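Novice: Build me a model from this:
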Amino acid sequence: MGETEQWQAKWHGLHDVLGPKWTLHILRLLTDGSYGFNAIQNELSGLTAPMLSQRLKELRCHGLVERTVTDTTPPTTTYSLTEQGTEIATRLRELEPLVELHDRTADDSQTENCSETSAECRTEALPDGCVTVVDQC
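Specialist: Numbering: from 1, shown residues only. Sure, this is the predicted structure:
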């Protein structure tokens with residue numbers, strides 16, 4: 001396998017692990033510590049229980065999240081990052097300063113930061129604004 005094929009395979013793998021919806025959100029939340037299932041769902045507005053269950057299973061399968069069941073009545077289940085999950089999530093958090101959110105409704109001067117392209121691309125992060133790369137508007 002050539003060099004190009006190798007990095008492409010790795011990037012496909014990254015996408016397979018980190019690409020599904022809510023995966024990054026769950027990893028980011030768990031950088032703050034361990035959470036129970038309901039606490040994760042409460043923190044991530046819009047995340048349904050079936051979707052959360054699926055993502056947690058996938059993240060456990062990939063070795064990024066661990067599940068701990070404590071013998072209480074009723075049993076307490078918490079989720080936390082593994083060592084590998086912590087390393088990946090930490091590196092992802094380092095990317096946060098590279099992205100800016102611009103709210104179109106708060107201040108009209110901010111809308112100048114939203115290029116036509118960035119405003120049209122995605123509306124998930126900020127329904128009434130845009131997402132741009134820092135210093136790249």
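
Novice: can you pull the contacts of the nearest residue to Tyr35 once chain neighbours are set aside?
Specialist: Distances taken as Cβ to Cβ, 6 or more residues apart in numbering put Tyr79 closest to Tyr35, at 5.9 Å, once the chain neighbours are dropped. In short, each C-beta sits where N, CA and C put it, glycine included. Taking Cβ atoms under 8 Å, 6 or more residues apart in numbering, we find Tyr79 in contact with Leu30, Ser34, Tyr35, Gly36, Phe37, Ile40, Leu56, Val65, Glu66, Arg67, Thr68.

Novice: and if we set it to 6 Å?
Specialist: Contact analysis of Tyr79 by Cβ atoms under 6 Å, 6 or more residues apart in numbering lists Tyr35, Leu56, Val65, Arg67.

Novice: And what about it, helix, strand or coil?
Specialist: When classified by DSSP: H, G, I helix; E, B strand; the rest coil, Tyr79 comes out as strand.

Novice: What pLDDT is listed against it?
Specialist: As predicted, Tyr79 sits at a pLDDT of 98.

Novice: which residues does it form a beta bridge with?
Specialist: Tyr35, Arg67 (DSSP bridges).

Novice: hang on, the earlier thing: output the contacts of Tyr79 in TSV, with pLDDT appended to each entry.
Specialist: What follows is the contacts of Tyr79, written out as TSV (pLDDT from 0 to 100):
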residue	pLDDT
Tyr35	98
Leu56	98
Val65	98
Arg67	98
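
Novice: which among those residues gets closest to Leu92?
Specialist: Among those, Val65 lies closest to Leu92 (Cβ to Cβ), at 14.0 Å.
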